[in-house]
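A.B. asks: Dropping a prediction and its sequence here:
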Amino acid sequence: MKKLTENQINFLLEYFFKTEKFAGWKNIAVKLLNSGSCIVAGKECIWHGGIGNFIKTKNEESAIDCLLYEFNLEQFLSTEWYKEISNQYISILSDKKRRIETEYNDICSL
């Protein structure tokens, strides 16, 4: 599994995993991003559609009323949905970078 940086994880959390419907969403998402799987209490995946399309669940035999979540990062990263959102975000970052470089050069030339 691909090792993600903190910036990559934060981007994916904010734009793809974030949900207000479940208090522990972030811990689950980070675990999925870092290891690809985790055991979660409950009988239903907390993500439906969107990122949930890349999370497979099955009953966890070693725990009562828990599911094993398995996230397919590589499949997700190859989708047009991911590419579109990431390209939009990269464009925003490029604009910020240009503004900061201009400010930097302006201040340095004082």
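C.D. replies: Cool, the structure landed.
A.B. asks: Rounded mean pLDDT for the helix or strand hosting residue 105, please.
C.D. replies: Element membership for residue 105, per DSSP states H and E: helix 80-108. Mean pLDDT, computed over helix 80-108, is 97.
A.B. asks: what comes up buried for that helix?
C.D. replies: Using 16 or more other C-beta atoms under 10 Å as the test for burial, helix 80-108 gives 82, 86. No exception for glycine: its C-beta is placed from N, CA and C like everyone else's.
A.B. asks: Could you pull out the strands in this protein for me?
C.D. replies: Listed in chain order, the strands of the chain (DSSP state E) span 37-41, 55-59, 66-71.
A.B. asks: Show me which residues of the longest one are buried.
C.D. replies: Neighbour-count burial for strand 66-71, with 16+ other C-beta under 10 Å as criterion, is recorded at 66, 67, 68, 69, 71.
A.B. asks: nearest to residue 14, of these?
C.D. replies: residue 71 (16.5 Å; C-beta to C-beta).
A.B. asks: Would you agree the closest one is in contact with residue 33?
C.D. replies: Yes. Counting by C-beta atoms under 8 Å, residue 71 touches residue 33, with 7.2 Å between them.
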